[in-house]
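K.L.:
quick one, fold the following:
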Amino acid sequence: MRNAFLLLLATLLLSCKSDDPSGGTFELQSAFAGSIGLSLDDVTSNVPVDRTLSLRFSTAIDASTTSNGVKLTSNQQPINTTTTLSSDGKSVYVSTNGPLQENSTYTLEITSELKSASGAAATPVSLSFSTAAGPLELLAVSLNSETIGNNPRTQNIDPDLTITFEFNNAINVQSFESAVALSGKSVTVQASNNDKTITVTPTSTLDFIKKYKLSLSNRLVSAEGQAFGGYELEFYTKLDPTFKFPEISDDALLTKVQEQTFKYFWDFAHPTSGLARERNSSGNTVTIGGSGFGVMTILVGIERGFITRQQGVDRLETIVTFLKNADRFHGVWPHWMNGNTGETIPFGSDDDGADLVETAFMVQGLLTVREYLNSGNAQEKAIIDNITQLWEEVEWDWFTQGENVLYWHWSPNVGFQKNLKIQGWNESLIIYVLAAASPTHPISADVYNQGWARNGAMANGSEYYNIELPLGYEFGGPLFFSHYSFLGLDPRNLADQYANYWEQNKAHTLVNRAYSVANPKNYVGYSEGAWGLTASDNHEGYSAQSPTNDLGVITPTAALSSFPYTPDESMTALKHFYYIMGDMLWGDYGFYDAFNLTESWVASSYLAIDQGPIVIMIENHRTALLWDLFMSNNEITDGLDKLGFTSY
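P.N.:
Numbering: from 1, shown residues only. Next up, the predicted model:
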């Protein structure tokens, strides 16, 4: 559409006579819009909106009379025009200050105030025309009265749905009925506003939390036959807001979640070794790190009355005895082993031996157990002694290769070929604390400062969502960084020259939550009740989800294992996962590992490393049980002193 707009009209000889003192007549000889003429007797239709309007008279015109003598109106409202004359003075050109409206009717009037150059008056004449409709355009789409903009992922739509389409021109309703489709749902169609507004209603209520596709094909045409290019919209209905389970007290809910999740380590433990399977589909593959978390959950199980003390002690005896006889390399267990035989199961082609990080998670659990057991009981005393032997046989210093850093892996076949240094900031602080605390194979403070802390290079100090993050990656990384080392290592008041670790973990959690609530990628289901990005299964396999690796996956352990840091926010998430999403998420061993509502995916899996921290960190939030036990180890406090921790 253009600024200057001139009216088009059909060729026609219009007679309008007036006596001319010079002896001639003052006649309108023709009227044109471009090459199209106006009819005097009928409304000229389908006039393009971008043609020049011209009136040709028999004699020259008095230019001063054209502004009053030639008028343009629409619906009896005057249209501002500009008139000019041809070089011979016999033609009037009429232009408007802007484009005319499509599909509208106009009247061009010649009044008696129009004079010839010799003073003769014109006889009044009216010429009517209608502009062409123009291309058929969809102006707006509304779902339940909410206008849909350019958002590529529309969500939270009520399943009791009404869809409204607004067009610029009247449409052929029958063609609309053949063009509209809604994911196989039958719909009713109702037209209004002279067939410019179309209301579509599904004949049955849509399902909750489901993706639907709404489309209009090119079968749709306007009432005058103009084509339509098509339209598509994907949208998601909202979650069913009704509670899926009876409401109970917050305290009872925490206990219920701990008990159900504990079953993964109790009911589903490997029958021979008592260790935790890597996941619920792992068969005989057990995991050392996840089992380290598992032995800590046994203490919670005893204290909460899920099992008896004797049951717990018997299981711990089985586990510790198995660990003594299982594969170890310089005192270090592999990542995976066979739960029947204790033989190494390779985690990768060059990862078929010692895994120092997984071993540290196991040692953290075993030292916590050692403090819990009663040395005055013969059975428990034997377990204590075996744990001490296992702890003292870990050759932490050997994994430095003589350098000021610890290495993660060693293989009996390829040695240190994997060559992965353990450096911060991530989940591995506990490895350096244990290595410094070892009574038999300790590391020096230089290994911690130069290797782990990289002489301070692990610092962050930036703000995200107005929250300052002391350490680590942009936005803090996956949330398990604030969980695994702190299942036993108490972060309350824990500080050294690099950070206060309570402040670090709380800030990390709040940043992760704030990112999820902000939901910059507009994934489905993120909210104040559904937040938390961390490593877990996902719709494509497995990944360490984080704000910088956001795949649309929420993992319940992220928020639930953060209870000590964000008790109110984590309780909101727990209630959402249990009461609102429980029909999808709650299973035999607590909450399934993860979900991605954008992809209509919910995991069927449980992972030991995700289930364990839920039980443990909820207990630390409630009673600090595991923190108090682990920190009771004199060797641990000696190790913290060696590394320069000023508070713990």
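
K.L.:
work out the gap between stretch 487-503 and the centre of the chain.
P.N.:
How far stretch 487-503 lies from its chain's middle: 31 Å, per Cα atoms, centre = their mean, to the nearest Å.

K.L.:
could you pull out the buried residues of that stretch?
P.N.:
Of all the residues in stretch 487-503, those buried under the rule 16 or more other Cβ atoms under 10 Å are 487-492, 494-496, 498-503. Placement of C-beta: from N, CA and C, glycine included.

K.L.:
surely Met571 and Asp250 touch.
P.N.:
Yes. Taking contacts as Cβ atoms under 8 Å, Met571 lies within contact range of Asp250: 6.3 Å.

K.L.:
which one of these two has more residues nearby?
P.N.:
Higher neighbour count among Met571 and Asp250: Met571, with 17 against 11, using other Cβ atoms under 10 Å.

K.L.:
can you tell me the element Thr368 falls in?
P.N.:
helix 356-372 (DSSP states H and E).

K.L.:
distance from that helix to the middle of the chain?
P.N.:
Counting by Cα atoms, centre = their mean, helix 356-372 is centred 36 Å from the centre of its parent chain.

K.L.:
name the helices or strands packed onto that helix?
P.N.:
With contacts defined as 3 or more Cβ pairs under 8 Å, 6 or more residues apart in numbering; DSSP states H and E, the packing partners of helix 356-372 are helix 288-304, helix 309-325, helix 378-392, helix 429-437, helix 625-630.

K.L.:
right, and the helix or strand after the helix or strand bottoming out on mean pLDDT in the chain?
P.N.:
Taking mean pLDDT, DSSP states H and E as the measure, the helix or strand of the chain with the lowest value is strand 5-6, at a mean of 34. Per DSSP H and E, the first helix or strand lying C-terminal to strand 5-6 is strand 28-33.

K.L.:
and that following strand, what does it pack against?
P.N.:
Counting contacts by 3+ Cβ pairs under 8 Å, 6+ apart, strand 28-33 packs against strand 53-57, strand 125-131.

K.L.:
that strand vs strand 125-131, what angle?
P.N.:
If you take axes from the mean of the first three to the mean of the last three Cα atoms, to 10 degrees, strand 28-33 sits at 10 degrees to strand 125-131.

K.L.:
off-centre distance for whatever helix or strand comes next after strand 28-33?
P.N.:
Going down the chain from strand 28-33, the next helix or strand is strand 36-37, by DSSP H and E. Its chain's C-alpha centre and that of strand 36-37 lie 58 Å apart, by Cα atoms, centre = their mean.

K.L.:
next secondary structure element downstream of strand 36-37?
P.N.:
Heading C-terminal from strand 36-37 (DSSP H and E), you reach strand 44-47.

K.L.:
any buried residues in that following strand, and which?
P.N.:
Using 16+ other Cβ under 10 Å as the test for burial, strand 44-47 gives Thr44, Val47.

K.L.:
give me the mean pLDDT for it.
P.N.:
For strand 44-47, mean pLDDT is 87.

K.L.:
now the spatially most central residue of the chain: how far from Asp550?
P.N.:
Centroid-nearest residue in the chain, with Cα atoms, centre = their mean: Tyr523, separated by 2.7 Å. Separation of Tyr523 from Asp550 (Cβ to Cβ, to the nearest Å) stands at 7 Å.
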